[in-house]
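*Asks:* Got a sequence here, can you model it:
(2 chains)
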2 protein chains.
Amino acid sequence: MDSLATRHFYQRYIDCLNNRSLGDLDQFVSQTVIYNQNQISLKDYQEMLTQNFRDIPDLYFHVDLLLTQENEIACRLNFSCTPVTVFMGIPVHGQKVSFSEHVFYRLAGNKISEVWSLIDKDAIRDQIKGEFLF
Amino acid sequence: MDSLATRHFYQRYIDCLNNRSLGDLDQFVSQTVIYNQNQISLKDYQEMLTQNFRDIPDLYFHVDLLLTQENEIACRLNFSCTPVTVFMGIPVHGQKVSFSEHVFYRLAGNKISEVWSLIDKDAIRDQIKGEFLF
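*Replies:* Residues are numbered from 1 along each chain as shown, chains lettered A, B, ... in the order given. All right, here's what the predicted structure looks like:
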């Protein structure tokens, strides 16, 4: 795919997540993925997302910045959502939080095969801390 | 600049940092920059880097993944370095740590005018915690 086709591919992938169409995930994600340096299966990837949607029913992926090349994607995603209990070890418990994820993807055979994700957990911690001030 | 020229621009910017040529920073950075949503001056930007090099004398910017478009850059930077005392609030005190930064830039007038940076502080914290186990 050229960089424009990769851009459209990523936008369809994000739509798939936002529509909770996880049955279609195999159109976008390889059978095996290296996720933050760990090898996981498509099923693990699907379960991770299912867990995210369980933890955060109003989870919505908002693309803020998007760069694409032939087989590489970089995206800044913004979230404004309400984790119901504990999210990534942080006891959010129904507070609305806003944070970003900076994520890189590599494609192989036109599907996501490698992911490097960083989530701004400190932003979430700061918002939770703020809660205790009131 | 087209995406290839932007790529070369960024590589020269990284060389400028790794060579400690902070006097040349005005070739790469605008007089005013929005850095993680805060407006700072070129002088502030320069002082931030000077402080980083003071805190981490062996700081070296290693470009791991790089995507460029006309006026946008996304980079995963890897670091393996030895902060001498406290780095970003974490008491590293001379331990060698490895971590990544996922950073996006927007250019205006062929210079960096906006930066969104996320540093994997949890990776640093985990390596420091590990130290206490021994």
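*Asks:* what pLDDT, on average, does the helix or strand containing residue A:44 get?
*Replies:* Remark: residue A:44 resides in helix A:42-55, with elements defined by DSSP states H and E. Average pLDDT, helix A:42-55: 96.
*Asks:* just checking, what packs against that helix?
*Replies:* Applying 3 or more C-beta pairs under 8 Å, 6 or more residues apart in numbering or on different chains; DSSP states H and E, one finds that helix A:42-55 contacts strand A:29-35. (Glycine included, C-beta is placed from N, CA and C.)
*Asks:* now do 10 Å
*Replies:* Counting by 3 or more C-beta pairs under 10 Å, 6 or more residues apart in numbering or on different chains; DSSP states H and E, the packing neighbours recorded for helix A:42-55 are helix A:3-18, strand A:29-35, strand A:38-41, strand A:86-87, strand A:111-119.
*Asks:* residues from chain A in reach of chain B?
*Replies:* Within reach of chain B by C-beta under 10 Å from any C-beta of the partner chain, chain A has these residues: A:3, A:36, A:64-69, A:72-76, A:88-89, A:99-106, A:114, A:116-123.
*Asks:* if we can go back for a sec, what's the angle from the helix holding residue A:44 to strand A:111-119?
*Replies:* Angle between the axes of helix A:42-55 and strand A:111-119 is 40 degrees (criterion: axes from the mean of the first three to the mean of the last three C-alpha atoms, to 10 degrees).
*Asks:* residues of helix A:42-55 that come out buried?
*Replies:* Within helix A:42-55, the residues that count as buried by 16 or more other C-beta atoms under 10 Å in any protein chain shown are A:42, A:45, A:46, A:49, A:55.
*Asks:* What pairs with the very next helix or strand once past it, parallel or antiparallel?
*Replies:* Counting by DSSP H and E, the next helix or strand C-terminal to helix A:42-55 is strand A:62-68. With DSSP bridges as the test, strand A:62-68 is paired with strand A:72-81 (antiparallel).
*Asks:* For the strand it pairs with, buried residues please.
*Replies:* Neighbour-count burial for strand A:72-81, counted by 16+ other C-beta under 10 Å, picks out A:72, A:73, A:74, A:75, A:76, A:77, A:79, A:81.
*Asks:* Residue A:39: what's it in contact with?
*Replies:* A:32, A:33, A:114 (C-beta atoms under 10 Å, 6 or more residues apart in numbering or on different chains).
*Asks:* hang on, the second one packs against residue A:117?
*Replies:* If I follow you right, that is residue A:33. No. Residue A:33 is beyond contact range of residue A:117, at 11.3 Å (criterion: C-beta atoms under 10 Å).
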